[in-house]
Every structure is written in C-alpha cells, then in structure tokens.
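**Student:** coords below, sequence missing:
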C-alpha cells in the first residue's frame, strides 16, 4: 500500500484490535487498519472454517422413545461439545486408523430409562464421554445454563428407554452447521455512514427514523457541511462474536486468524511451487469439506468441454469457417466484395 | 384407532324387538340384532363424545380431532355437506324467451316431485312429471273443486285489475277444451296422467281406474304433494296453486320479482344424518320386502317341518342393510330409488395431510351443479353468503365456487316441530286467522299479510310487524326453538316462518334501543365459566338469524356503529371467514385471490397432524420434525387449535434479490438453517398385505429368508427377519422385500379324494418400491373383521429441504427452493442475524400481499419485544402497525422493519436497508424426491411395445402431438423418425409386395411364396393397427415403392 494520507505518521500501521467487552459467550472488539476484504474473510472463517468436534455417528442400541432414530441423531449432532484442544485432533479423513481411534474421535454414551411415574427429561448432561481422549475436557457437552443440564435431548415416558453410543468427530461448519463454533457474528463499520456506502431511505428525517448504531459514539459524527471524501476507505470494523459454546469466543477469533494464515500459507506455497510443476493440486493441509476435496481433483482451471477454450467455436478456425469449408458469411474475405 | 389399524368398520349394532304369534300365542322377543350402522366419530352415539383429554389419550385418540367422519374398512370417510335448492318453496324464474315459471319441489316421506306453473304466450299452465302435457291452469283449479270462475279469479288476482286482465285469457283455454265442471276437469287431467308406477305391466292385478279417479289421485297425492289433502278438501291446494299463479303474474309484470336461485336463503344444506336416514329408510324397506318374501315362501310350502322362526332371516337379511350402508359410504354412490336420487362422489376419503386439511374437509360443502357447465351464477360470490360461507375458501379451476366452506360460526338448522309453531301463530296477537276461512278477495287486500309456514300459506294477519315482533320475543324467551326464523316479505305481502332443516344461520348479539344486550358482566360470567353460550341464547342476549331473517335486520359491525335502528350486533367480524382462511394473518390487507390460494395451500402444508400421529399407519403421512406455532397468529388459530398442531416454521426472511437463483418466486435457503432442522420433515409410507384364506382351505403364509449357495441371505431379503417380516429400524432399499408373503399355487381344488392340487407356494412379496431408501418404522400384525391376518409395515424417511422443494408463506406466495447458500455467504445484519430464507422482492408489487409485510413487521416487533401478545393479525381489526413501528424503534430497529445488512460475500454493506423479520413458512407436500424421474431405456407396454408411461412404471417422457408438430414444422425429419419410431416401438416386418399383406420369415402365407417379400421397419403400433383392422374384416394392403427408383 502506498502512503495513505488518512493515516497519521505516529499511528501504528499494522492491524489493531481494541476489545470493548469480553465474557464467556461473546467478545466485542474493534479491528482497525485492515481493509474490508480482510475483515470479512475473518468473519467468514470464524463462521465456517474453524474446526470443532460434534457428534457425527450415532449407534442406537435401544430406542423406545417416541422420536425416530434419525430425529434423535440430528438433535445429538447439534449439541455443542467442548472442543478445547481440537487442533491436536485429526479429522477422520486424515487419520490413518481404520474406523476410529482416540486421535480422530471422541466416544460418548447415553443410557437413560424412565423408571419413575413421571415423564423423564434427558439432557445433554446425561451424555457421558467414554474411552480414550486426547485431553480431559474435549468432547464434554457444553452446559451453559444455570442448572447445568444442557440442551434437552428428548423426553421419556415411564418404561421407555434410550441407549446409544455417539462418535464425535472433528469437522468444519462448511460441511455441516453443527461444527460451527460461533452463533452469530455482528459485523459493522462506518456507523455514521460517512462513506455513503448506504442509501438511507427515510420519510421525513433520517435521524429520527433510523436509530443510531451502538458503535456510533466510537467514531466522530460527521461535521455539518463537511465535504464528502470520495477516496475514503473503511478501516475500522466492529465485531461481535458470540460463541455457541464449543470454543470460548476469544479462541474463535484466534483460531480464525490461524485458519486464515494457514490458508494463505498454502496458497503462497502453491503459487511459489507452481513453477516446480507441482500443479494445482498440491497438498492442502487445512480443513476442507469433502466436496472440496473431490471437486478439485483433476480439474485444471476453467476450460470448456470443447477443449480449445476461449471464444472459439468447436469447429476450429477463426471467423466464418464451417466444416463445409468457407462460407460467405463471417469475417475476412467476404463473398460480397 | 383400532378400527383404523385393523381395517375394520366403526359401527354400532341395531337391535329390534319383535312380536309375532305362533300357535295362537303372542311371542315377544327382544334385542334381536338387525344390522350395524356406521357411527360418525364424536357423534352422540360415539364412545368419543364428551370424552375428556385423558380418556381420549387412553383410547389412543387425538383430543383435537374434530370428528364428524366415518371409518369404513379402516379408511376415514367424510360425507360432504350437500347444497341444494330448498324443498317445498316456490321459486319463480324467467327464461330466455320472456316466459316466467314458478316451480316447487315437493318433498314428503313418500316421494319427491317437481311441479311447474308456466306462463307461455300469455297462457298459464301447470306441468308435472306425471303429466303428459302441461294442463291449462284453470282446468287444474276447477278440478280442485268447489270454485267458481269468479272465485278462481279472486284467488289468483285479488282485486288488482292488471292481474285480472292478464289472467282472463286463461278461462278461454278451459272453455276451448270444453271443461266447465270439476268432473270434466278431473277427466281432462286423468287422461293426461302418465301410466306408470308399480301397477305397470301387471294386467289383472288391480282394475284399471277411471280417468276421474286417476286425475283425483294425481292431484291429491302427486302434484304439490307436500300440501296434504285431508277429507278431500282441496281448498288449501287451490290456494297454493293460485299463489304460484299469482307469483308468475307478478313476475311477468315486474321482472324484478323473480327469485334468485343463488340466494343463500333459497338453499338448503343436506348433512350426513339426512343422507344416511334416506339411505337407511330405503334399505329398511327393501329388507322388509325381502323378509316378507322369505316368509311367504316359507308358508307356501305344503308341509313345513318346523315352526317359522323369524330371528334367523332377520339377522341374515339385516346384513344387506349393513352392507348397503357400508358400500354407499365407501363408494360415495348414493342411490335411493324412491327419490330418483343417484349421486356419486358424496363421500370422500378424509385428507390427513395436515390438521388444517381435516378441519377444512369437515366444513366443505359440495354443490349439486354440474362442474362442466360454464355458468357463472352459482359460482359467483353471493352477497347473502356473508358470514355464512367463507368468501375465500374455494378451490381454483373447475370446482371454483361450487365447492364452498362454512364460515366459523355458521350453524345448520335441524328440523323443528311445526305443530308448536302453528299453535303460537294464533296465540300471539289478535286477528290472526287461518287462511282456510278466507276467499281470494280478502287474502289479497292491501295491508293483509299471508303467513306462510315453510312456504305454505297458513294464516292471515293485518298486523305483520307486530306479529313478527311478538314472534321474535317468544323465540328469545325460549318458547319457540331458536332456529325457527321469521321474516317479512313486503313485495308479496307475506310473512315467512321456516322451521325446516338445512337452513344456514349464525348467531348475533341482540341490540335493543340502541344498546347491545351483551353486557360486560355477561362476558365476566363467561370467563369464569359460570355461563355458556347456550345460557346467552336462552336469556335473549344472542339469537340465531338465518339468511332470510338477516334481510330484516340491521346489523352493526362494531359497538360504535350502533344507532337507534340497529337490531343486531356482530359478535366478531373475523368470523365471516372459515377455519382455513382464518390462518392468514391480516387477510384484509391482501388481494383477495391470494387468500384463496393460501386456503388451497394450507391444506398441503406438512406439519403435525394429530397427537396420535405416530400411532397411526396411513398410506402416506407427512410430519414436520420441528413444527412451530406461528409468531403472528389469529384468534381463529387459537379457536381451531392450529397453534397446538401447527404446520410450518417461523423463518427469518430478508426481502432482497440474491444470486439470480431466485427469479420466478424461487427462494434462497440458508444451508446452516437446513442443517439445524429448518423444513426437515418425515415421510411415512404404508405397505400392507393380507393373508387370505381360500375356499379350499388353503391359506397365504409368510415365507422365510432365501439364502444363496454359500448360505448368505440374498440381498433382496437383507432386512427380513426369520418370520418373513422386515425388522424395525432396518434400512430398506428399492426392491427389497418387506413382507415375504407366499400364496398357495392351488387355490381351487376341493382337496377331496384325488382332486388335490400342488402343495407348493408361490412367493407374493411386498417390496419397497421407492428409489430412495427408508427405515422400517413399525410392523403391525393383526386380524381383520373377517379373521384374516393383516400385516402393515410402515417405512420412514427423514428429508431435509433440497433444491426444488416447495415452500409457501401464508399469503398465497408459493415458491421453490432455487439455491441453498452457505451461511457465510448469506447477508447478515449488524447484530449478526442471518436469514433462513431470502425472498425476491418482485413477489410483492403484482401480488399486493400487504398482509405478508404486516405479518413480518408484527412478528419482528413481537420477537424483539419478547411479547407474544403483539403477534396477532386478526382480520378486520384495526391494524397495530404504527404501534409495532414504535416498539421496533424502542428496541433499536427501524420503524419500518428494515435493517442494515452486509453482504456475506464481500463484506460491503448493501446499499439499501433490507426489510426483514419472521414470516411463517409452510413446507408443502410437493417434493423433488417424489417427482424426480428420468429414463434412457426401460420397460415397454406389452400391447404396443411402446415405452410405459409415468414415473411409477419407470416410463418414458412423451414427445406429444404438439412437440411433433414443432418438429414437422422445423423439418427435423430424422429426429422425428428417431423419437417416434427407433426410440419407441420400431419393428421389422415382412411385407409381400404382391398382395400387400404381412408375412413372416420372408414368406407370404397368402401368396404361398417368398418371391416378393421384403422387409421394412415400422412402428409396432402401426403393425398392430393393421392386424386389428384385418381381424375386423377391414383389409389393409401396404403398397411399397422405391424411394429412390433405379433408372430403368
């Protein structure tokens, strides 16, 4: 980037983070001195590409509840599991065990039977991690409510029983939303619309009709009669990251940055290795969705099935040639001359 | 529930007490079973009536089920409400040629017939089905006896000179026919009565009656049969006919006085009870006749071995009643010979697609008009159906306007006793006299009002207003049934009192002296449960008005509209809509066809069906995995408990254009939402098999698993258990067997002596057919009524939304999923809200569904404020939009529901603020998975060797006539040849060039030669046609010629 007149000399030129609020479920911070594309990539990565673990396979031994097997399985999958240390785990595609091992999966069991007179509620608390784990917390269901019960999985009538074994695996939210570490991510910039990226629609008075953003006081309101700066670029972004529970919010941000770094690193590696003839399909080590893996194989950029690419027709030759030889139509030597 | 699962009929036995004499002793036997009559669910005789929720639960029934249907052989059948023109009422109509006719359909217990009084070329005649030709009216009136010409004139025209002049000419008709006396008139009529009826074709049974007797009989019993003749006193009938004539004359003078057939007051609704009673009566009469025959046959025997015991025959013959009723309800064919009734499609299978479909079906009314006729009259929205029939809920297309639905508070009257009403008529005020005592002059004097009771002139009064007011007072006090209606017709100087069944009526709050009779304390009592609706009815706070009486009332819509002349107050304006239209929030802000579309679509929405939905085994059952109560509801939704059995989900919708995959109403779905369970549904399918027993004692049986040579189960039987039934929880794929039924090869042999067939069994398995796999959900084994075993297997699929699945909001805005987008690519608001659905804004301008915008705004306000009570969108309430806007601003949102949204792809904000909020979306039953179909080559029909048709048979896609025309016009002859022959049913045939007939193997059977036989390719269907024609003695010769002849 060239010299930016907007940046004062004494300001740091690198990206800057200013945290305004942080607790166990959300972190609010301002990211500045980055461009819009970067800020948005960070948001996207935090939504979709941070690996966590979630229940992926359910082996049902006994289910006499009213809910169907796949119904329960779906509910189990959406329960947030503590994903601390998930970085040390492998996805089952990367792991060279057959089936599963403690390096690529966490096993949880659920066994509940209603023996009383009243209907019984089965909560996430009742999911018990069993077997080997890479650390002591990974895979434990997140219980963030006051009673420490966690999400309700199902209800059992007297005599009904549920017994199952779940296998939690590492994955990313691109594949299924259950692997998403974040619930919602607030993202905003330019609360006073100085950049005119927005077109405020109003009936009488935009000030009265549009409630100001909570970040409005963070930035200077535009002065009355201030000339509009055409070259201004957004550079302060307000994030509000809410965690779904599997990772603490600060970890989500840090992980997000790391994922971006990894992706960039592999991109740079590809580009620099490109002359070496390694081709397009190098070893990309970051997490990716299964479609991504298959779709990228053996497909070198964009070509048409006709092979010759570009704007040419499959008949070969430029201009008005057809298989029957040159026609009077088309470019070049016209039959009308 | 048990009946439904076991394919039985829900019916109750009918027992009779019989008395007969044997050996001079009177024998009385009680409680002989006669037959079984199907019982309507939740009717008074049903075990579910009045059951509490807990009792319903024990019986495995849904407490919210509306009842009102029958279960015949395990299927739920509804007898639709039938709409008809009212019986026993005179309807005056004008035809195209300027003629006027009055007609009346007389309906008594004995028969149903229609009588016409026709004005044609200034002459009036009476016509009826039993008459060969129309009979001049004067002759009819003369035949009715005791009337002089003067009296006839008086009766018809009264003192009005205009009517007298018009009627005068009719006397000439009688004179021309030479009819002067009653005797002559009767003879004239008697000759023209069609011979027929039961006496026909049996000479010698009854002596032929004289024409006079014939005429007398016809007049007394057949023509206008509902006016009964007592002691040969024909005067009431004469008055009736004269009244019809008078109406015709009046209508001829003033065309405004013709009646409107489509007026709801002239309609009667026939309910299941009436239809069943007709059918039962008919069947019972047949039963009595055949029992009599049986007895006669028995007593004719010269020497009887035992005394006659009627019990056996009664029970066996009674079976025919049971079967007759069952068959009628099962097939919907209602045939009652005495009433010339021959209706098909009276009953329908109860649609259990969603709860709302069931409710909708219970209120459905089908009309008797033919669907094919293109008349608009009966289909049009009638002003008089206000409040009675739902203006929105009618199908589109051919049945539009003919199939209607009841509005919320509509009540259909049952028959009230006439006699007490008759007594009250004379007791109410002074000066009401029976009509029998008056002549025509007095009847038609101005200011004299004729009181009609169910359409028949009955009494006279000179104080109609006072009479009607007193009558209403008595009714409000509870002395007269609340469903008896009275109204005054000023045009005809008539008061009409109706007590008959099938009138549509509706409750209103009575207003007196400008004040509503319903006071706040009444409502308090109602809330405390100390008073019921019936109490209000008894205390004269509320009364029912039928359509005719409504015309005499001035009804205020709200309490503020009441003025001094107001007579009634509307209970609640939204009740003019039906139960199905009641789902729509803010329907009064929508363009009306949109509400109609939603009424059709609400019935296709997938959702919770009943509390017992997982105990049921239906042929096809769709349920939503996470149904939600709508964010914006209506009072109707609460009343019909849609909030307890909802069919849809509250989706966060953003109205914007996105990705281009949203044109033409397509929707953009958020992939993460689908992952989390949005629109997820379960599809249950039933596969059933019955193990029959054959006449020779052999039975179907269940076979075991087949193994291959290595002892492994064959793939087809992967999900079978040892007993030959599928294992619950197993996944079945297409083609796999679920019930391994086997039938005996030998089903006919007697098994006696050497007549023994094979002992082998042939497999007759029930296989899973659908291409996508499913899980076995339930397996049921039980017995039917016939004591044969029945096996039902239910399969289950769980489906998440996919491209092409159909969704709809509650405002007639349907759309298919155009693309499913990753969450990170979706736009998001400053607070991080990501929509579930993106809807294209082009859906709004032309559809004008403002109600949807209101729903969104109201829902959003309710959500941000966390207040459920905000979420009401009742029809015709003053809309709270300003209030909702204020709430939104209070919570930091824009008052108009728009928010700052950022593009998920670039991170740039969208230039415009986007309208967003929760909108209730229904998933409709049309899913891509059930429709997807393609074929390259596959099965062919046996007869024509052309590819089969339809997805279920893996059929081909037809290149139809119009497509063919296109190809011809384009000149693509080779493509045409390929599509129509090579890819379809091309065959090589041998044709003899000599005789032009088909040969085979290069040999012509006709010419006994091989010399001239050549081969050609032609469509097999063409070859078939040629051969079929030949088989019908139509010779077809094919002449061949060279397409490219060699130069000679």
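**Tutor:** On my side now, so go ahead. From a predicted model like this one, the values you see are computed outputs, not experimental measurements. Numbers count the residues shown, from 1 in each chain, chains lettered A, B, ... in the order given.
**Student:** What residue, apart from its backbone neighbours, is nearest the residue of the stretch 1-150 of chain A found nearest chain B spatially?
**Tutor:** Relative to chain B, the nearest point of the stretch 1-150 of chain A is residue A:40 (2.6 Å; C-beta to the nearest C-beta). Bear in mind the C-beta positions are built from the backbone N, C-alpha and C, glycine included. Leaving aside its chain neighbours, residue A:40 sits nearest to residue B:907 (2.6 Å; criterion: C-beta to C-beta, 6 or more residues apart in numbering or on different chains).
**Student:** Just list the residues touching the residue positioned nearest the centre of chain A, thanks.
**Tutor:** The residue lying closest to the centre of chain A (C-alpha atoms, centre = their mean) is residue A:48, at 1.0 Å. Residue A:48 sits next to A:172-174, A:180, B:822-824 when contact means C-beta atoms under 8 Å, 6 or more residues apart in numbering or on different chains.
**Student:** CSV please, covering these and showing secondary structure and distance to residue A:135.
**Tutor:** Formatted as CSV, these follow (DSSP: H, G, I helix; E, B strand; the rest coil; distance: C-beta to C-beta, whole Å):
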residue, secondary structure, distance to residue A:135
A:172, coil, 20
A:173, coil, 22
A:174, coil, 25
A:180, coil, 22
B:822, coil, 30
B:823, helix, 29
B:824, helix, 29
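**Student:** what's the closest of those to residue A:156?
**Tutor:** Set against residue A:156, the nearest of the contacts of residue A:48 by C-beta to C-beta is residue A:180 (29.0 Å).
**Student:** right, and that closest one touches residue B:672 too?
**Tutor:** Yes: when contacts are counted by C-beta atoms under 8 Å, residue A:180 is listed as touching residue B:672 (6.8 Å).
**Student:** Common neighbours of those two, please.
**Tutor:** Joint contacts of residue A:180 and residue B:672 (C-beta under 8 Å, 6+ apart) are A:173, B:823.
**Student:** Those two: who's more crowded?
**Tutor:** More neighbours surround residue A:180 than the other of residue A:180 and residue B:672, with 28 against 24 (other C-beta atoms under 10 Å in any protein chain shown).
**Student:** thinking again about what came up before, kindly state the pLDDT recorded for the residue nearest to the centre of chain A?
**Tutor:** Looking at residue A:48, its pLDDT stands at 88.
**Student:** what sits against residue A:19?
**Tutor:** Contact analysis of residue A:19 by C-beta under 8 Å, 6+ apart lists A:27-30.
**Student:** Could I get the full set of helices for chain A?
**Tutor:** Here chain A has its helices, by DSSP state H, at A:36-48, A:69-77, A:206-209, A:249-273, A:290-295.
**Student:** Using JSON lines, please lay out these together with distance to residue B:270.
**Tutor:** Below are the helices of chain A laid out as JSON lines (distance: least, C-beta to C-beta, whole Å):
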{"stretch": "helix A:36-48", "distance to residue B:270": "61"}
{"stretch": "helix A:69-77", "distance to residue B:270": "45"}
{"stretch": "helix A:206-209", "distance to residue B:270": "58"}
{"stretch": "helix A:249-273", "distance to residue B:270": "68"}
{"stretch": "helix A:290-295", "distance to residue B:270": "61"}
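**Student:** Can you tell me which of the ones you listed has the worst average pLDDT?
**Tutor:** When those are compared by mean pLDDT, helix A:290-295 comes last with a mean of 45.
**Student:** Report the buried residues of stretch B:632-642.
**Tutor:** B:632-637, B:640, B:642 (16 or more other C-beta atoms under 10 Å in any protein chain shown).
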